[in-house]
Structures are given as C-alpha cells and as structure tokens.
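Participant: Okay, structure incoming, though there's no sequence with it:
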C-alpha cells in the first residue's frame, strides 16, 4: 500500500514494549492481549458500530486465519458470495469446509436463495454459515441493501446459522455516512471480522473476530492448537497505536488518499468517454477498488487485461471471481487503487485510460 | 522467561523497518522474508550444524504451527515420544493426524520399535513421520544416543518416512560441545524445526522449518491458506538482530543464566540429600528443565506437586506426559528453570528443596 506509518509504529512499539510487564514476553492468552482487545472494543464500537465487548474478541493473524478458524470451529458448509475471491474459497476448503455459491445482484448478496435453496432443486445445501462483504462487496463494490441486511440476520435467527461479516475495507466510505457493521444489529448471530491489512498494511498479519459468546471458547481452542496466539509484541504495539489515536489519524489520512484516487479514476473515465461511455463504473462509493464493466461486444476482459499488462498496469478480472466460470457472465476489470505507490498512481491511471480508449 | 532483550529488539526494529523497501509492508512470500531466511541459514549452519539453504526454509508462527503445517502437508500417522508433551499430540490430532507412541529409555527414543512395529502385533502402525526432541528429550532430558540417531535416519532412508527434529532448546548445552542437529546428517529426510521461544521469548511466535526440498512447496501452500505468512515486521526485526549478532549475544547470556540456575539446582539437591539422596536428577546436561525422579514408596508425584503449589512453586508432573497414563510408570517432577524471574529463582529453588526434604 506504500503508506505504512513506520515512524508512528516504531514510536508506539517503543512505548508499548518498555511499559509491558515481563509476563507479556511469555506465552499468552490465545484470545489475544487484553490491551488490544480493550482498545479494539472501543474503536470498533465507535468507528464501525460493532457490539464488541473485549470478552467476545479473538485476535487472529489476519483474515485468512480468522476464516480458517471459524470453519474448523463452527461451520462445515459455507455460503460465499458469487463473484468472490477464489483464494478465500480455497481457505475454506483446506480447513475442511464445503463452499456453496451465494449469488449477488445490484443489491448485494441474494439472501432469498438462502431460504429458497432449502426447498429448491436437488443439490441445494443448507449452509451453516454465510460469508458476506456487506459494506463493499468484493469484487463488485455493491453495498448490501438494507432489506438484504435485514433478511440475512432474519435468516440467521430463524435457521441458527452464522453470518460472517468480512469488513475488509469498512473504514473507507467516501460518499456519505459510513454503513455500520451488520454485527451491531445481531451480535449473537454475526461474527465480525476486521483486519489491519487495508488500514496499516497486510505485512502485519493482524486481524480480529468479534464473536457470539458461545463461539469464543471453541474458536480460542482452535487458535491455541494452530499457533498458540498472535505475536504479542505486534498486538501491544497496535493497542498503543489505537489507544493514542495514531490509528485513527492514519485511517483518516488513508481515506483521503483513497478518495482522491477514486475521484481521479471517475474523472479520468468521464474525460475519456463522457458520461455515457462504453464502460460502466461500479462500486465507487467506498473501498480500495472499483469495477469497470465492459460493453457487450467482441472485446473481452482477458484481452483488456493483456493490453493493460503490456502497458505496465495490473488489473484483476471479474471472470476470475465466479464460482463457476464461463462465458455466460458479464465481464469487467477489477481496478485496485490502493496498490500503486503514491508517486505512481497518476501514471498508472493514465496508462489504464489509454488501454481503455484504444480501438 | 523474564529476559526478553527489549532494548536490542527495539533498536533492531528501528534499523530494519526504516531500511525496508515499501513492498515489505504488502503481502509477502508464504515461505518468509528473504532477509530472515538468509540470516537463519547462516546462523543455523554455524550454531546447530543444520544444512540450511534459504530455499529450504519456511518461516512459521512458532513450533505449534510448524507441526500442524507438516501434518497437513505430509504426515498422517505420526510417532511421538512417550513421554512427551500432551499439547503437541493434540496439535497433531487437530490437524488431522493420528498419533502413535514412540517409547523412550535412557538412550532416548527407542528407534527399534519403528521397524519392529511393522511385523509386530495387530494395531501396530507404520508412521509417516517421527517427531523427536533429540538434543534434549522433553520431559526426560535425555540426549538421543548416537546409535539411535543413526538408526533413526536409517529408518527414514529405508522407509521413506520423515523425521521431524524439534530442536526447542538446542542452543542450551552446558557440559560439552553442542550436539549438532540430526538434520545435518540426513537433510533430505529430516525436517528441522526451531523457534525463538526459548532464546528470545514465546510471545514473538516465530519459528522456522528447514525442509527436504520436495516438501517446501506443499508446506508453503498450507501456510498460505493458514495465515498467508508470518508477521513480516517481526521477521525483518529478527533478521536484523541475527545479522548484527545481537541474537548470538543474547543466546550466550541466556545460556550462562540457565547454566547458573541448573548448577544451583544440582548443588541444592546435593546439599539437601548428599550424593546418594532419595531423589534422582536427570537431563541436566542441557536445556531449561530437569527431571527429578522419585524414590519408590508411598510418596507420589501428585502429592509432591500439591505441596509445591502450597509453597508457591509450579512444577510439572512426569505423569502428565505419558500417552497412556497409569500407575505402572515411574514418577517424577519436571522442574523448569527458565520460568521464574531473575530475582525470584533462588527463592523458588529454596521452596522446592524444602518441599522435597519435608518428611
């Protein structure tokens, strides 16, 4: 992301480690350091509307681990958004889970399929858990519609199923008030999962789960037998950064930076094509990526991606995200604006626009 | 352990993080940072006689994770020393493995049972992997006899099985030249596993595997889907600490401290009972713990442990380490001399000696 706050991190680390009791350097609680769980409870309540008592929090080594722990502790059949990240489907499978597709549309995850599925055609499966990127669907960028949010928590209450809320970029809402976490509306049925990967950087491998109380012990048991606990020094440093509001300052600065990049992308496309251009642009209200949809015709997303690669620009393909890939899906480019270094974004955007305007 | 080198760690962190390229803050290689793998290769070759090319190393989040990854990637039936740590047996089982006991005697793991087992009574199992604490068996403290080392690698070569060498306290040899790692004698059949838990502190959750080349890719795949990679900032800091010899300095200081504690324990028992006292003392040539064996008679290890607890001293029971617990085993106390803080060791030892001399 090119923007890890090195100096602030080192300062927080020095304060945290010199103040830490000597027991902090020994084996710790699989749920995580109390300092971090307390800091996260306050932050998540304030910033994301999460009902996050420290006793419900298990600190993990990032989102991948959180997902794997949940599958092992509580979920065998997992519904995951279609399209969605193939890597996360593979994480579920390797943890022993079975993945079923949850279709999405312009309102986000199609919650009707969860209940319809039960009486549906053979092969339909009743999921134990449903994973959603409700604030900003990956990769389409849709925000889950209020009626769908309601339907999802209603499904969880009625079926006893679990909703897993992957709030990977929830801090980055540009156009209006942040959409609060789904977890705040049904804390006994929703597992909230957040990480420092998009706010500080993925190198840290720190994430957090806010769990329904009955899942804390089974998840902590899995964590204990997976890696005992997450690096305590990193936890203490992050707790100090949150407690002293350095984390908030960094998130605010990152939000401005991403918003600027988003604005440049929107303006660039408009400049190139006018308002009714051949390409659609979706999912720009939030987050670190947008979806550029392709006009119907001969131009394929794969061909565009090859052109972009020749111009030195890396873009993702919507086509790589379907559970069941094929020509029947609509096509698009997943454009991440978090990745290029601060000095290289304008150049990368220009190159992308040249690729799109090329006949 | 009460001796984490806070100041040296913070200095190394400042140097490493300010020098790191911006890509170091993004997602990294599941095998670990190149800086750390290079530093470890040099260190492990020099300090432990490990044949450790950086390309064979996968950095993990501690020993527990290394063991779990190995089971998932390469071993279904795992022979583990009896007695041994019950926690590690449970780690293997949760990762999908089956545990079979590997008896030990005064020469360490009884390698004859590995081959005998094949033609043996029903129920005997051919293990895919054998886990040994060869430098200092946990909890008996025995060093694996040269003939057994040889038999173990011969078994691996002949059967195609894997030896997993848990070198948890290999740096702490007191009485003579260090016993080199088993891995150095058969690098294509032995997985060497080490950690920073006994040298720096378990709070860090950093370990390393040196693997036979054919296992690097499957283990890295499991690591990727478990937690992507280990905290890169911690890896960079540790690499800097090793590279600038701060790690060696700390290990040397720790070795002197543990040796002093070991000497105090030996001298204290001799003062209390003379040289032919009722209690035996085993496993004192190395490591962070010794085994105090009990005389035959009415006094049980459990009763001694309760007495010790009342005196404020925590000791482990040999009885907790058998695969199949029962009264037919010999009894003993596992005395760790790493745990009490530097100011409290003499006091804890006095309390323990009072407990042992109590009629």
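Facilitator: That came through, no problem. Since the structure is predicted, the reported quantities are computational estimates derived from the model, not experimental observations.
Participant: CA atoms for contacts and neighbours, from now on please.
Facilitator: Fine.
Participant: what about the closest residue to residue A:95 other than its chain neighbours, neighbour count?
Facilitator: Ranked by Cα to Cα, 6 or more residues apart in numbering or on different chains and with sequence neighbours excluded, the top spatial neighbour of residue A:95 is residue A:68, at 5.5 Å. Look at residue A:68: counted by other Cα atoms under 10 Å in any protein chain shown, it has 26 neighbours.
Participant: ditto for residue A:24
Facilitator: Neighbours of residue A:24 using other Cα under 10 Å come to 20.
Participant: what do you get for residue A:274?
Facilitator: Counted with other Cα under 10 Å, residues neighbouring residue A:274 total 11.
Participant: again, but for residue A:214
Facilitator: As a burial measure, residue A:214 scores 10 neighbours (other Cα under 10 Å).
Participant: Repeat that for residue A:157.
Facilitator: Applying other Cα under 10 Å, we find 16 residues neighbouring residue A:157.
Participant: show me what contacts the residue nearest to it when sequence neighbours are not counted?
Facilitator: Nearest non-adjacent residue to residue A:157, counting by Cα to Cα, 6+ apart: residue A:189, 6.8 Å away. Neighbouring residues of residue A:189 by Cα atoms under 8 Å, 6 or more residues apart in numbering or on different chains: A:153, A:156-157, A:160-163, A:183, A:212.
Participant: So which of those are in helices?
Facilitator: When DSSP state H is applied, these are split such that A:153, A:156-157 fall in helices.
Participant: between those residues, which is nearest residue A:30?
Facilitator: The shortest gap between residue A:30 and any of the ones in helices among the contacts of residue A:189 belongs to residue A:156, at 27.2 Å (Cα to Cα).
Participant: per-residue confidence averaged over the helix or strand harbouring residue A:291?
Facilitator: Residue A:291 belongs to strand A:289-293 when assigned by DSSP states H and E. Summarised as a single mean, pLDDT over strand A:289-293 is 94.
Participant: Outside of that strand itself, list whatever touches it.
Facilitator: Identification of contacts with strand A:289-293 by Cα under 8 Å, 6+ apart yields A:139-141, A:279-284, A:330-338.
Participant: List the strands paired with it, with their directions.
Facilitator: Take DSSP bridges as the rule and strand A:289-293 pairs in its sheet with strand A:280-282 (antiparallel), strand A:332-336 (antiparallel).
Participant: mind putting the ones you listed in CSV, distance to residue B:225 and mean neighbour count included?
Facilitator: Converted to CSV, these look like this (distance: least, Cα to Cα, whole Å; neighbours: other Cα atoms under 10 Å in any protein chain shown):
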stretch, distance to residue B:225, mean neighbour count
strand A:280-282, 30, 17
strand A:332-336, 22, 23
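Participant: quick one, phi/psi of the residue nearest to residue A:305 when sequence neighbours are not counted?
Facilitator: Ranked by Cα to Cα, 6+ apart and with sequence neighbours excluded, the top spatial neighbour of residue A:305 is residue A:315, at 6.4 Å. With angles defined as degrees, to the nearest 10, residue A:315 sits at phi -130, psi 150.
Participant: quick one, what contacts residue A:315?
Facilitator: Applying Cα under 8 Å, 6+ apart to residue A:315 gives the contacts A:305, A:308-309, A:333-336.
Participant: Need the per-residue pLDDT for it.
Facilitator: Residue A:315 carries a pLDDT score of 93 in this model.
Participant: For chain B, see how far away it is.
Facilitator: Distance from residue A:315 to chain B, counting by Cα to the nearest Cα, to the nearest Å: 17 Å.
Participant: now residue A:147
Facilitator: In this structure, residue A:147 lies at 34 Å from chain B, with Cα to the nearest Cα as the measure.
Participant: Any buried residues in stretch A:190-202, and which?
Facilitator: Under the neighbour-count criterion of 16 or more other Cα atoms under 10 Å in any protein chain shown, stretch A:190-202 has A:190-202 buried.
Participant: Spell out which residues of the stretch 151-300 of chain A are next to chain B.
Facilitator: For the stretch 151-300 of chain A, the contact set with chain B under Cα under 8 Å from any Cα of the partner chain comprises A:201-205, A:225-234.
Participant: Sheet partners, orientation included, of the lengthiest strand in chain A?
Facilitator: In chain A, assigned by DSSP state E, the strand with the most residues is strand A:98-105. Using DSSP bridges, the strands paired with strand A:98-105 are strand A:77-82 (parallel), strand A:108-109 (antiparallel).
Participant: ok, and which of those strands has the densest surroundings?
Facilitator: Comparing these by mean neighbour count (mean count of other Cα atoms under 10 Å in any protein chain shown), strand A:108-109 comes out on top with a mean of 28.
Participant: Identify the residues contacting residue A:214.
Facilitator: With contacts defined as Cα under 8 Å, 6+ apart, residue A:214 has no neighbours.
Participant: Need phi/psi at it.
Facilitator: Per-residue torsions, residue A:214: phi -70, psi -10 (degrees, to the nearest 10).
Participant: Show me the domain layout of chain A.
Facilitator: Using automatic domain parsing, the domain parsing of chain A gives A:6-244, A:254-357.
Participant: Check which helices and strands the host helix or strand of the residue nearest to residue A:95 is in contact with.
Facilitator: Element membership for residue A:68 (DSSP H and E) is helix A:63-74. Packing partners of helix A:63-74 (3 or more Cα pairs under 8 Å, 6 or more residues apart in numbering or on different chains; DSSP states H and E): helix A:86-94, strand A:190-195, strand A:207-210, helix A:213-227, helix B:213-227.
Participant: if we go to 7 Å?
Facilitator: Helix A:63-74 sits against helix A:86-94, helix A:213-227, helix B:213-227, with contacts defined as 3 or more Cα pairs under 7 Å, 6 or more residues apart in numbering or on different chains; DSSP states H and E.
Participant: Kindly reformat the ones you listed as CSV containing distance to residue B:325 and mean pLDDT.
Facilitator: Converted to CSV, these look like this (distance: least, Cα to Cα, whole Å; pLDDT from 0 to 100):
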stretch, distance to residue B:325, mean pLDDT
helix A:86-94, 34, 98
helix A:213-227, 22, 98
helix B:213-227, 33, 98
